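[1] Show me how the following folds:
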Amino acid sequence: MTLESECLAYAALSTREVCGLIIDGARLIRCKNAHPEPDRNFRISDTDWMNAEAAGEITAVFHSHPQPKLVLSGADRQSQIATDVEWWLASARELRKFRPVPHLLGRSFEHGVMDCYTLFRDAYHLCGIDLPDFERSTGWWVRGENLYIKNMAANGFHQVDAQAIQSGDVIIRRAFAESDPCHAMIWLGDNTVLHHEQAGRLSRREPYRQAYVKLTHSIWRHEQCSSLDLRGIFDDISARSL
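    Numbering: from 1, shown residues only. Model (predicted):
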């Protein structure tokens, strides 16, 4: 039995949230759920955590959602950031692994490290779709490299008409009227976008202003859009706002 299969089998044993710790990326240590409301939450006791640390390196936290929700809750995201390790989640007989990415709101901009593509990639990761990272050196947007357009089509996205936009679609925008398309924003619905613009501006959620509309180049939708669970974004935003 693989480690992933063992986690799924463990989750299937209870109608409450089960939890455990992955040691050295190879072994599951089952832990007691010490939360007072184990139907909807979990807590690993300090004793279980210290015993696991004595057994090896904790490389991931595992837990289950008895109700079908294969994305991390706001409480999960707060705790994951505190632990700074992968979190594995089982729900509806599926297992998903989440990288310990920072909260989506309030990020400081650093091109190629923490920029608009990083935010877009991390947001999709929290919603269940993994995208590759790619090298992007400063100034690619003035050298005709068109990294967004080339990589969108190569990674499962296709263009859609502005009139058909739906939550989770990605808006590719120019920085100014004559520039190449160089900025990504995620459409959250209700005329709201999530994005991370430039140095000196924190990542944020804000209205899709008319100035942005005028600079819009194209709108893209992933081929697995039906698998995109936007609760991954909204729960993280709620957790960051607390």
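[2] Pull the CA coordinates from the helix or strand harbouring residue 89 and hand them back as CSV.
    Using DSSP states H and E, residue 89 maps to strand 86-91. Extracted in CSV, the C-alpha atoms of strand 86-91 (Å, rounded to 0.1, in the frame of the first residue of the first chain):
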residue,chain,number,x,y,z
GLU,A,86,3.1,20.6,3.0
TRP,A,87,-0.4,19.7,4.1
TRP,A,88,-2.1,16.6,2.7
LEU,A,89,-5.9,16.6,2.6
ALA,A,90,-8.3,13.7,2.1
SER,A,91,-11.9,14.3,1.1
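[3] ok, the spatially most central residue of the chain - contacts?
    A centroid search over the chain (C-alpha atoms, centre = their mean) returns residue 126, at 2.2 Å, as the residue closest to the centre. Contact analysis of residue 126 by C-beta atoms under 8 Å, 6 or more residues apart in numbering lists 71, 72, 77, 98, 101, 104, 232, 233, 236. For glycine as for every other residue, the C-beta is placed from the backbone atoms N, C-alpha and C.
[4] For the longest strand seen in the chain, which strands pair with it and how are they oriented?
    Longest strand in the chain, counting residues (DSSP state E): strand 181-189. The strands beside strand 181-189 in its sheet (DSSP bridges) come out as strand 170-174 (antiparallel), strand 192-195 (antiparallel).
[5] Enumerate the positions of the longest one that are buried.
    Spelled out, it's strand 170-174. Judged by neighbour count (16 or more other C-beta atoms under 10 Å), strand 170-174 contains these buried residues: 170, 171, 172, 173, 174.
[6] was I right about the first one contacting residue 117?
    Pointing back at residue 170 there. No. Residue 170 is not in contact with residue 117 according to C-beta atoms under 8 Å; the separation is 10.3 Å.
[7] Now do the shared contacts for these two.
    residue 184.
[8] I'd like the distance from the host helix or strand of residue 211 to the chain centre, please.
    Assessed by DSSP H and E, residue 211 sits inside helix 210-215. Its chain's average C-alpha position is 26 Å from that of helix 210-215, according to C-alpha atoms, centre = their mean, to the nearest Å.
[9] ok, now stretch 50-68?
    20 Å.
[10] gap between the two ends of that stretch?
    31 Å (C-alpha to C-alpha, to the nearest Å).
[11] ok, how many other residues are close to residue 218?
    17 (other C-beta atoms under 10 Å).
[12] does it sit in a helix, a strand or a coil?
    Following DSSP: H, G, I helix; E, B strand; the rest coil, residue 218 is assigned to strand.
[13] Spit out the contact partners of it.
    With C-beta under 8 Å, 6+ apart, residue 218 has these contacts: 149, 159, 171, 172, 181.
[14] go with 10 Å
    148-149, 152, 157, 159-162, 170-173, 181 (C-beta atoms under 10 Å, 6 or more residues apart in numbering).
[15] now swap in residue 166 and tell me
    160, 187, 189, 219, 221, 225, 228.
[16] number of nearby residues for residue 54?
    So residue 54, with other C-beta under 10 Å, has 8 neighbours.
[17] That one - that's part of a helix, no?
    Yes. Counting by three-state DSSP, one finds residue 54 located in a helix.
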